[in-house]
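Undergrad: could you look at this predicted model? Sequence included:
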Amino acid sequence: MLLNSTLLQSRLNSKRKAPPRQSKAGVINCDLDMGKPFDIELERLTGKTSYTDVFPGVTTGQRGTFFLETFGCQMNDHDSEKVAGLLLSRGYQQVETPEAASLILYNTCSIREKAAQKVFSRLGEYREKQSEGKIIGVLGCVAQQEGEDIFKRAPWVSLVCGSASYSKLPGMLAQLESGNQRVTGLDTDTDETFETEVTRRDNPWRAYLTIIEGCDKACSYCVVPFTRGPERSRASDSILREVRQLAELGYSEVQLLGQTVNSYADPTPRRMRFSELLLAVAEVRGIRRVRFTTSHPSDFTPDIVEAIERQPKICDHVHLPVQSGSTRVLRAMQRTYSREEYLEKIAMMRVASRPIGITTDIIVGFPGEKESEFEETLSLLDEVQYDSLYAFKYSPRPNTPSLSMSDSISEEEKSRRLAVLQDRQREIQTAKHERLVGDRFEVLVSGKSRRENQWSGYTTSHRMINFASQERELLGTYVQVRVMGAGPNSLMGEHVT
Ligand code: SAM
Ligand code: SF4
């Protein structure tokens, strides 16, 4: 499907001027810098001809300017898209640099210690900005975790707001404008999901949609239940309404998000199951690809695989974090499944009528992880043959049960295990990719290299492919690509008709 060209151009123009990201393969992943103003008008976001109809009395910039920087996962990125939409709809204008902003916001991540440290070092860089009259705010997981202590560590911060309180942001900003020195939004005991009238989406083709917030699982290493609060599912009719709007705006791919997306529990009388929601989203006219992440193994049921088999628009990719290949370690992690139970879920996908790409997350060096248990994780990689994985060294986090577990593994040993695991996975991926040479895939083109005639995009199974084409404009289109070569992290190919 070709996007309407005016719409495509307006999306390209709306894209933030970020330095191009260089992938390992040397191809620019995203080349959307069209040299146009960074600010985006609400008309474009809402598809309306005049936003005064949607937000009476709002003028862009009347409340000031904001700069928003995001650290962390896809859910944080998407929260930032919603925070930006919320502020735009209240008359703030988004700017590209902290220097140009009256309000500087950091949406933060605390999943691992390093991520949290990065936030404080960034805050340090903006210490002097407060004296220039700027408001500095911390949002997200570090905000929730550290709470008012942030004011002690970084007294130049005046706003601290966790993700469960984002809808209160305009009120909090109004309090600061009326003279309050410091405001906080730290409640997590809410049924509310963060729905906004406007979301300022950064990706012009793939739209992210949070369908479930928070987490009710209690993995012993994880801060998410503390920082994002209890599980809250969004009403299915509201999700479907937004998907229809997105399709009207020209988005053809949607990705449903949640820490445990497949634990979705529709709060409406329809009581849609997650698999039914996937099918309903896929049926929306104009939607061509439906993705979802992250799935929790315990809630991964056969009807999800059946939905993937039945509806080709539901992408043949499942991200199913295992964390460890040892049942004893999984118990210590409070992961609610054993190695064998996890492998049953994999087997369910392997017998599906449509091949399904499977990816995972792994933690190495959990307290007490013996060498033999780490080797069980390596043997799990051999057995499952993942298409790719994210691997992390265990990082002790505040408030989590594993913090007080004995037998911690040295940093050196964690690094060694991580390197061994990554080497093993690289071999698996290289061999898997080589077997794909000669195959043909549908690719949604999302990147253009600076090298002439070179493009990149993703297959439905979320494999990145760099390819050559003589076409002049392909961004946002779906094309057929034949695989001509393979590396561990991506495929190389050529455009075929
Ligand atoms: N909800 C998802 C699940 O159940 O697997 C994971 C969400 S978490 C934001 C993403 C990944 O971060 C996890 O899968 C885990 O591998 C990693 N992670 C979480 N806490 C960690 C910790 N304390 N140390 C190292 N890695 C961690
Ligand atoms: Fe964290 Fe476990 Fe919830 Fe995932 S399922 S967010 S790892 S507590």
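TA: Right, received. Where do you want to start? Ligands and ions are numbered 1, 2, ... in the order given.
Undergrad: going by C-alpha atoms from here, please, whenever you check contacts or count neighbours.
TA: Will do.
Undergrad: and the pLDDT at the residue in the chain sticking out farthest from the centre?
TA: Here the centre of the chain is the reference, and by C-alpha atoms, centre = their mean the most remote residue is residue 179, at 35.6 Å. Looking at residue 179, its pLDDT stands at 88.
Undergrad: give the contact list for it.
TA: Neighbour list for residue 179: empty [criterion: C-alpha atoms under 8 Å, 6 or more residues apart in numbering].
Undergrad: my guess is it is in a helix, correct?
TA: No - under DSSP: H, G, I helix; E, B strand; the rest coil, residue 179 sits outside any helix and is assigned coil.
Undergrad: dihedrals phi and psi, it?
TA: Dihedral pair for residue 179: phi 110, psi -10, per degrees, to the nearest 10.
Undergrad: please apply the same query to residue 139.
TA: According to degrees, to the nearest 10, residue 139 has phi -120, psi 170.
Undergrad: so it sits against residue 108, correct?
TA: Yes - if you go by C-alpha atoms under 8 Å, residue 139 and residue 108 touch, sitting 6.0 Å apart.
Undergrad: find the nearest non-adjacent residue to residue 334, please.
TA: Of all residues not flanking residue 334 in the chain, residue 219 sits nearest, at 4.9 Å (C-alpha to C-alpha, 6 or more residues apart in numbering).
Undergrad: and the strands in the stretch 201-350 of the chain?
TA: Applying DSSP state E, counting those that start in this stretch to the stretch 201-350 of the chain gives strands spanning 206-210, 212-213, 232-233, 253-257, 289-293, 317-319.
Undergrad: nearest residue to residue 311 other than its sequence neighbours?
TA: Per C-alpha to C-alpha, 6+ apart, closest to residue 311 is residue 279, 7.0 Å.
Undergrad: correct me, but that neighbour touches residue 307?
TA: Yes - in this structure residue 279 lies within contact range of residue 307 using C-alpha under 8 Å: 6.6 Å.
Undergrad: where do the contact lists of the two overlap?
TA: residue 314.
Undergrad: tell me the residues of the stretch 201-350 of the chain that contact ligand 2?
TA: 215, 217, 218, 219, 222, 224, 225, 259, 260 (C-alpha under 6 Å from any ligand atom).
Undergrad: rerun at 8 Å
TA: Neighbours of ligand 2 within the stretch 201-350 of the chain, by C-alpha under 8 Å from any ligand atom: 214-225, 259-260, 296, 335.
Undergrad: mind checking which of these land in helices?
TA: Members of those lying in helices (criterion: DSSP state H): 224, 225.
Undergrad: residue nearest the centroid of the protein?
TA: In the chain, the C-alpha nearest the mean C-alpha coordinate belongs to residue 74, at 1.4 Å (C-alpha atoms, centre = their mean).
Undergrad: that one and residue 202: what is the separation?
TA: With distances taken as C-alpha to C-alpha, to the nearest Å, residue 74 is found 12 Å from residue 202.
Undergrad: could you find the closest non-adjacent residue to residue 77?
TA: Distances taken as C-alpha to C-alpha, 6+ apart put residue 70 closest to residue 77, at 6.3 Å, once the chain neighbours are dropped.
Undergrad: settle this for me: the one you found is touching residue 115, isn't it.
TA: No - Residue 70 is beyond contact range of residue 115, at 11.3 Å (criterion: C-alpha under 8 Å).
Undergrad: who has more neighbours, these two?
TA: Neighbour tally, residue 70 and residue 115, criterion other C-alpha atoms under 10 Å: the higher count belongs to residue 70, 20 against 15.
Undergrad: what residues does the stretch 251-400 of the chain put near ligand 1?
TA: Counting by C-alpha under 8 Å from any ligand atom, the stretch 251-400 of the chain sits next to ligand 1 at 258-260, 294-297, 320-323, 360-364, 390-397.
Undergrad: buried among those residues? Make that a ChimeraX selection.
TA: Buried subset of those, written as a ChimeraX selection, criterion 16 or more other C-alpha atoms under 10 Å:
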select :258,259,260,294,295,296,297,320,321,322,323,360,361,362,363,364,391,392,393,394,395,396,397
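Undergrad: from the residues of the stretch 251-400 of the chain next to ligand 1, which land in helices?
TA: Using DSSP H, no member of these falls within helices.
Undergrad: circling back: how near is the residue nearest to residue 311 to residue 438?
TA: 31 Å.
Undergrad: which of those two has more neighbours?
TA: More crowded of residue 279 and residue 438, by other C-alpha under 10 Å: residue 279, with 20 against 13.
Undergrad: report the contact partners of that one.
TA: Contacts of residue 279 (C-alpha under 8 Å, 6+ apart): 307, 311, 314.
Undergrad: just the buried ones from those residues?
TA: Applying 16+ other C-alpha under 10 Å to the contacts of residue 279 flags 307, 314 as buried.
Undergrad: let me know the closest of the contacts of residue 279 to ligand 1.
TA: residue 314 (20.4 Å; C-alpha to the nearest ligand atom).
Undergrad: which strand residues bridge that closest one?
TA: residue 290 (DSSP bridges).
Undergrad: and it, what pLDDT?
TA: Per the predicted model, pLDDT is 98 at residue 314.
Undergrad: and stretch 443-452, end to end?
TA: Using C-alpha to C-alpha, one end of stretch 443-452 lies 19 Å from the other.
Undergrad: quick one: distance of it to the chain centre.
TA: Chain-centre distance of stretch 443-452: 21 Å, with C-alpha atoms, centre = their mean, to the nearest Å.
Undergrad: got it, and stretch 72-79?
TA: Distance, centroid of stretch 72-79 to centroid of chain: 5 Å (C-alpha atoms, centre = their mean).
Undergrad: likewise for stretch 131-138?
TA: How far stretch 131-138 lies from its chain's middle: 27 Å, per C-alpha atoms, centre = their mean.
Undergrad: quick check: end-to-end length of it?
TA: This stretch, stretch 131-138, spans 17 Å end to end (C-alpha to C-alpha).
Undergrad: next, the buried residues of it.
TA: By 16+ other C-alpha under 10 Å, the buried positions in stretch 131-138 come out as 134, 135, 136, 137, 138.
Undergrad: likewise stretch 221-239?
TA: 221-236, 239.
Undergrad: try stretch 276-296
TA: Under the neighbour-count criterion of 16+ other C-alpha under 10 Å, stretch 276-296 has 277-279, 281-284, 286-296 buried.
Undergrad: what of stretch 337-354?
TA: Applying a neighbour-count criterion of 16+ other C-alpha under 10 Å, one finds 337, 338, 339, 342, 343, 345, 346, 349, 350 buried in stretch 337-354.
Undergrad: nearest residue to the fifth one other than its sequence neighbours?
TA: Spatial nearest neighbour of residue 343, excluding adjacent residues (C-alpha to C-alpha, 6+ apart): residue 384 at 7.9 Å.
Undergrad: phi, psi of that neighbour?
TA: Per-residue torsions, residue 384: phi -80, psi -30 (degrees, to the nearest 10).
Undergrad: how near is it to residue 255?
TA: 24 Å.
Undergrad: save the strands of the stretch 201-350 of the chain as CSV, and put in mean pLDDT too.
TA: As requested, the strands of the stretch 201-350 of the chain are exported to CSV (pLDDT from 0 to 100):
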stretch, mean pLDDT
strand 206-210, 94
strand 212-213, 96
strand 232-233, 96
strand 253-257, 97
strand 289-293, 98
strand 317-319, 98
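Undergrad: give the contact list for the residue nearest to residue 77.
TA: The neighbourhood of residue 70, defined by C-alpha under 8 Å, 6+ apart, consists of 76, 77, 80, 106, 107, 108.
Undergrad: the helix or strand where residue 444 lies - contacts with which helices or strands?
TA: Residue 444 belongs to strand 440-448 when assigned by DSSP states H and E. Under the contact definition 3 or more C-alpha pairs under 8 Å, 6 or more residues apart in numbering; DSSP states H and E, strand 440-448 sits against strand 454-458, strand 478-486.
Undergrad: and stretch 362-380, how far out from the chain's middle?
TA: Computed by C-alpha atoms, centre = their mean, the chain-centroid distance of stretch 362-380 equals 26 Å.
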